[in-house]
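Participant: sequence and predicted structure, then a few things I'm wondering about:
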Amino acid sequence: MKPTNYDLVVEYARSIIEGRKIACREKIQECERFFRDLENPAYDFDCKDPEFVIRFIETCVSHKEGESINGEPLLGKPLLLEPWEKFIVYNLLGFRLNGTKERRFKEAFLFIARKNGKTPFAAALALALSFLERRSGSRIYIAGAALKQARQAFDHIFFNLDQMGELREFRVLDNNAEHSISRTFYNRGRVTGSLRIEALAANPDKQDSLVSNIQICDELHAYKSAKQYNVIKESGKAYSNRLCIGITTGGDNPTGFCYQRLQYCKRVLNRTCPDEQLFIFICKADEDVNGDVDYTSAVEQEKANPNYGVSIRPTEIMDDAIQAQNDPQQRKDFLAKRLNIFTSAMKAYFDVEEFRRSDAKYEWTLEQLAKLPIKWYGGADLSKLHDLTTAALYGTYGEVDIIIPHCWFPITAAHKKADEDNIPLFGWKDDGWLTMSNAPTVNHAEVVNWFKQMRSKGFTITEVGHDRKFCREYFIGMRSAGFKITDQPQYFYKKSEGFRHIEVKAKNGLLYYCHSAPFEYCVQNVHAIEKTDDMIQYDKIEPEQRIDVFDASVFACVRMLESLERSRQATKWLEG
């Protein structure tokens, strides 16, 4: 099949990267990722399936309701896909693992503002995929936090099958007990395929035995927990070419599943958390350095609405913005639903790109660092029970500050925490930054052994800081191993000096953390409050996030700074 839409998709992506088309930061990263993937030898790119789906939708699917931007009725008219929708289809179905028929993407996160045609697109995509995968016995679930949400896409599919005159070929159950459409395909009396599309509510307590290859999870912002999403996603494990598509607009709950998922997707796009199976499409307004949005700007409005000028009327959304400006009670909903901004979310203090640019300047290996004449200082942040434990070495070579971190996590809780809190623990383990403790909790002796191993490799560890009220056994173990360990209470005014020192080094491009993914992950989760006298008090943005690696680095930095201060005072005393 001739790839009639390939050039259009490539031009769409290129226009965003080159700035000819307005787009948010995340959208630019998505398009850069697309071109990287095209050049990646790990993947083959095949236009056949995306072309089939696009052709099926544009020739077989029509609008169920609505009007064009000019006020013309759309009922019964063909559903013609916009370039951004074709870009999504091409990404989801075009990439395959090299030399196989297995598709690369198993999940998708589509974050699009209200009234951009998400539901008709999801319904059309589900119907097209059901026919595409019919030879595998296609089973598609359309799930919403409530059944009413899932019914919208289901009704759209029902309407289109009726419009095609094909409804008589399907078995339809649409009652209080079940909402499904199914069909078996025959050729000369033999079964050649089947499909089934069912609408249901995402109820994790009643859906442990589901089996499907395609899952459409609509309105993720209304999901109460990750389990609602995961129980639907897990139903596809029997299929190699499974695909779980999460579709949502913004919400107002920064502790909920949708917001946490959004933050995880941002980390994937900025390459902090590798996830090759997840496709991401984010449309939102950009915040400034203070986390504010110029919501009366037509540019920001267009960034959040890919159908700007198609189904989104520019004058109407601007009128809503002016109303939100003049009537504060309307502002929160406008930002959440029309610009995809979580208004109640706390903002990260650091820009991880500053840290990344600084780190990229240096390429020392651990073996090289061990041979340099550096005095190293240690810090540790021990978990209370079954959580992340971290340690770090901190040293200075010339003007460059160097951080070497390591993490531990109990293997019995790793899968649960990785899924619930979106922590890439197993990626860190594969990269050598994390050790899985073979016990229900992390043993403090493992941390002591790490410091001993680093010392045996040639690192001169001068002093280690630790708050002794957190695991006194570790304190004793370090002393027994011959380390000079200093009691270091976690008072914010003490940690503030180390925090500021690391911040300044990163801004000046003089910080190297050995390309550590856990350190970058934790830096992004730091929320800080300015106190008097330039002091700063920091914590994690959300309870599910972690800053332990950064915390251990601050402990180690404080030990270095206090040691330098003692040395200066001793020098002054001798000179005096």
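Facilitator: Done, it's in.
Participant: contacts for stretch 412-419?
Facilitator: Contacts to stretch 412-419, defined as C-beta atoms under 8 Å, 6 or more residues apart in numbering, come from residues 226, 230, 386-387, 409, 423-426, 436, 439-440. Every residue, glycine included, has its C-beta placed from N, CA and C.
Participant: centre of the chain to the host helix or strand of Trp450, how far?
Facilitator: Here Trp450 sits within helix 444-456, counting by DSSP states H and E. Here helix 444-456 is found 33 Å from its chain centre; the criterion is C-alpha atoms, centre = their mean, to the nearest Å.
Participant: and the nearest residue to Ile282 once chain neighbours are set aside, what element?
Facilitator: Closest residue in space to Ile282, ignoring its immediate chain neighbours: Glu26 at 4.0 Å, by C-beta to C-beta, 6 or more residues apart in numbering. Assigned by DSSP H and E, Glu26 falls within helix 25-39.
Participant: count of neighbours near Ser125?
Facilitator: Wrong residue type there; residue 125 is Leu, not Ser. When counting by other C-beta atoms under 10 Å, one arrives at 29 neighbours for Leu125.
Participant: so which bits of the longest helix along the chain are buried?
Facilitator: What stands out as the longest helix in the chain, according to DSSP state H, is helix 548-575. Buried residues in helix 548-575, counting neighbours by 16 or more other C-beta atoms under 10 Å, are found at 548-563.
Participant: how about the lowest-mean-pLDDT helix or strand in the chain as PDB, C-alpha atoms only?
Facilitator: None of the helices or strands of the chain scores lower by mean pLDDT, DSSP states H and E than helix 411-421, at a mean of 77. Output in PDB follows, covering the C-alpha atoms of helix 411-421 (Å, rounded to 0.1, in the frame of the first residue of the first chain):
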ATOM      1  CA  ILE A 411      13.200  -6.700  46.000                       C
ATOM      2  CA  THR A 412       9.900  -7.800  47.700                       C
ATOM      3  CA  ALA A 413       8.400  -4.300  47.400                       C
ATOM      4  CA  ALA A 414      10.100  -3.200  44.100                       C
ATOM      5  CA  HIS A 415       7.400  -4.200  41.600                       C
ATOM      6  CA  LYS A 416       4.600  -2.700  43.700                       C
ATOM      7  CA  LYS A 417       6.400   0.600  44.200                       C
ATOM      8  CA  ALA A 418       7.700   0.800  40.600                       C
ATOM      9  CA  ASP A 419       4.100   0.500  39.400                       C
ATOM     10  CA  GLU A 420       2.300   2.600  42.000                       C
ATOM     11  CA  ASP A 421       4.800   5.400  42.300                       C
END
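Participant: pLDDT averaged over the following helix or strand past it, what's the number?
Facilitator: Downstream of helix 411-421, the first helix or strand assigned by DSSP H and E is helix 425-431. Mean per-residue pLDDT for helix 425-431: 87.
Participant: returning to what we had before: now the longest helix of the chain against helix 444-456, angle please.
Facilitator: Helix 548-575 runs at 50 degrees relative to helix 444-456, counting by axes from the mean of the first three to the mean of the last three C-alpha atoms, to 10 degrees.
Participant: for helix 548-575, the distance to its chain's centre please.
Facilitator: 37 Å.
Participant: which other helices and strands contact that helix?
Facilitator: If contacts are counted by 3 or more C-beta pairs under 8 Å, 6 or more residues apart in numbering; DSSP states H and E, helix 548-575 sits against strand 375-381, strand 389-397, strand 400-410, strand 460-466, helix 492-507, helix 517-523.
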